[in-house]
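Asker: The following block contains a protein sequence and its predicted model.
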Amino acid sequence: MRRRYAAAVLGVILIVGAKEYAQQPTAPGAGGPAYLDPANWGSVHPTETDNIVYATVPHIPNPSAEASPNPGTPNGIRTPVPNTGPAGTLDMHLDVYQVPSSKPTPVVIQLHGGGWIRGDRPSSSRSFAGFFAAGMSVVTVQYRNAIDAPAPAAIQDVRCAMAWVKRNAAKYNFDPNRIIPWGGSAGGHLALMAGYAPASFNPPGCTDQPKVVAVFDMYGDTNLVEALTQHGGSASVHQWLGMDLPLPRENTAQAPKPAQPAKTAASTAADYDDTAPVQPPPGQAPRWPEPTAAMLARAREVSPMTYVSPHVPPTFIINGDSDHSVDPAQSVELQKALEAAGVPNIHYVVVGGGHGNFPPAENTKGMLLALHFFKDHGIIQWRRLGCPDHLDPERMRADIEVHSLDIGSPRGAVSGGVMGALVYVLEPSPAAYKHIALHERPRRFIDAKARSMLITNRASRYYEDQLQNFALSNSGATRGFRDTVTVN
């Protein structure tokens, strides 16, 4: 029943998604932002600094994880380095990929997956190339897995890594007011908690936090209370919460074997996505007792859904509709809660996609859509196609004069018509979308529905695409006019 419900809800989401994001985002023409063309993603070479100790934290025994099958070690991750802290402690490391920039850069904080019980920072940065091309630095974070400490230790470690980013902003040219946590599976859950959880999760010494301006969640758990009672992901949740022990095996004569093997050597770092909860061999999956009231309370405490409010950051969600590790309905429920709270969000569903390891084309598409989302919320900035050179978005005034717009321009400057061009000029400030007063002359050329979308706070690639579908009654009438856009 649970899976049938998920499929039914996803059917609705996919219909909406077909309207919003069914087409592959197109590469820009001449003069457009280079990072919208994946062919340019390898052109930016960041300065890399590895294995920085951001905190030394206690090892906390976790019998729930210790009694579980060996999770194995995935390929494509950092080689462990010797611990330098006192006995009973663990050094937590991060890697910095600093993009060249004359101004402080936004920072993506990458959080690996692995069911909270295995994994580490990726050993290659190739999967971050889209971020680099968009002028975003990346910090990859090691956190205590379940074998090192039960919940909420991983969340606390992430918050300490974020505090480190703020403390070292000047050294690495970070903008501490533009932080984007990002992760898949358990990393997606931690990214959501990094952006949503209250200050009570900040450990001593990590209370001075940077500003999270968006969250990028890929198929992460959002409601651990539900995950405890559903098939698939419940074992990893039990292991991480650390409040009970697996029941005795029904077939004690069978010798234990390692959990699923890591990826083969044929896998590349560019495809690194080894984020799924560990699936033990058949017959060796641990059985767990029914969760107690205390365990359900802890699960609720570490669930992103608990903290959804109008104050959480804009959230971009990706998941597959055939995910058998994390119920796709969890992403649906998160998106519905964000909508009810008035939080800007996009939920992109990969049709036929499982728990990550999407086809390369889908990974590229997901990155492009995420970059558009960040642009729409003022996190990354560029001068759009067709914007006159003197209209630098970073120095944009409230009143902007637009001269001689021409939808037939050979530069393809005004592909969406008059209204599209005006939105291009106003980007990337989200505040500009709240109230836009337009003179009647350009207004009459566009459908009323499109106009109503443009004056909301969520103007995005969707509206740009929609504008291309609204034909102007007389394209020649737009030539040579002059109008003023006023942002109230």
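Answerer: Nice, I can see it. Numbers count the residues shown, from 1 in each chain.
Asker: burial measure for Ala227, as a count.
Answerer: Neighbours of Ala227 under the rule other C-beta atoms under 10 Å: 23. Any C-beta I mention is one placed from the backbone N, CA and C, and that applies to glycine too.
Asker: how near is Val138 to Pro181?
Answerer: 11 Å (C-beta to C-beta, to the nearest Å).
Asker: for Phe131, same thing?
Answerer: 13 Å.
Asker: neighbour count winner among these two?
Answerer: Legend: neighbour count by other C-beta under 10 Å for Phe131 and Pro181, higher for Phe131 (31 against 28).
Asker: was I right about Asp217 contacting Gly183?
Answerer: Yes. Between Asp217 and Gly183 there is a contact at 7.4 Å, judged by C-beta atoms under 8 Å.
Asker: Quick check: neighbours shared by those two?
Answerer: Contact with both Asp217 and Gly183 is made by residues His189, Ala191, according to C-beta atoms under 8 Å, 6 or more residues apart in numbering.
Asker: before we move on, the earlier item: for Val138 and Pro181, list the residues in contact with both.
Answerer: Val108, Ile109.
Asker: OK, contacts around Ala341?
Answerer: Contacts of Ala341 by C-beta under 8 Å, 6+ apart are Val308, Ser309, Pro310, Val312.
Asker: Three-state assignment for the third one, please.
Answerer: The assignment at Pro310 comes out as coil when based on DSSP: H, G, I helix; E, B strand; the rest coil.
Asker: wait, doesn't it sit right on Glu339?
Answerer: No. The pair Pro310 / Glu339 is not scored as a contact, 11.3 Å apart, by C-beta under 8 Å.
Asker: where does the stretch 351-488 of the chain have low pLDDT?
Answerer: Counting by pLDDT under 70, the stretch 351-488 of the chain shows low-confidence ranges at 382-488.
Asker: per-residue confidence at Pro198?
Answerer: For Pro198, the pLDDT comes out at 98.
Asker: how about the strands of the stretch 51-200 of the chain, start to end?
Answerer: For the stretch 51-200 of the chain, the strands defined by DSSP state E, counting those that start in this stretch cover 89-98, 105-111, 137-141, 174-184.
Asker: a markdown table for those strands, including mean pLDDT and distance to Gly195?
Answerer: What follows is the strands of the stretch 51-200 of the chain, written out as a markdown table (pLDDT from 0 to 100; distance: least, C-beta to C-beta, whole Å):
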| stretch | mean pLDDT | distance to Gly195 |
| --- | --- | --- |
| strand 89-98 | 98 | 18 |
| strand 105-111 | 98 | 10 |
| strand 137-141 | 98 | 14 |
| strand 174-184 | 98 | 6 |
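Asker: Quick one: closest of those strands to Asn345.
Answerer: Relative to Asn345, the nearest member of those by C-beta to C-beta is strand 174-184, separated by 13.9 Å.
Asker: quick one: buried residues of that closest one?
Answerer: The neighbour-count check on strand 174-184 (16 or more other C-beta atoms under 10 Å) flags Phe174, Asp175, Pro176, Arg178, Ile179, Ile180, Pro181, Trp182, Gly183, Gly184 as buried.
Asker: cool, stretch 300-311 as well?
Answerer: Quick answer for stretch 300-311 (16+ other C-beta under 10 Å): Glu301, Val302, Ser303, Pro304, Met305, Thr306, Tyr307, Val308.
Asker: doesn't Ile155 make contact with the second one?
Answerer: Right, the one you point to is Val302. Yes. In this structure, Val302 is within contact of Ile155 by C-beta under 8 Å, at 6.5 Å.
Asker: Now do the shared contacts for the two.
Answerer: With C-beta under 8 Å, 6+ apart as the test, Val302 and Ile155 both reach Met193.
Asker: The stretch 301-450 of the chain: strands as residue ranges?
Answerer: Counting by DSSP E, counting those that start in this stretch, the strands of the stretch 301-450 of the chain are 315-320, 345-350, 399-403, 436-438.
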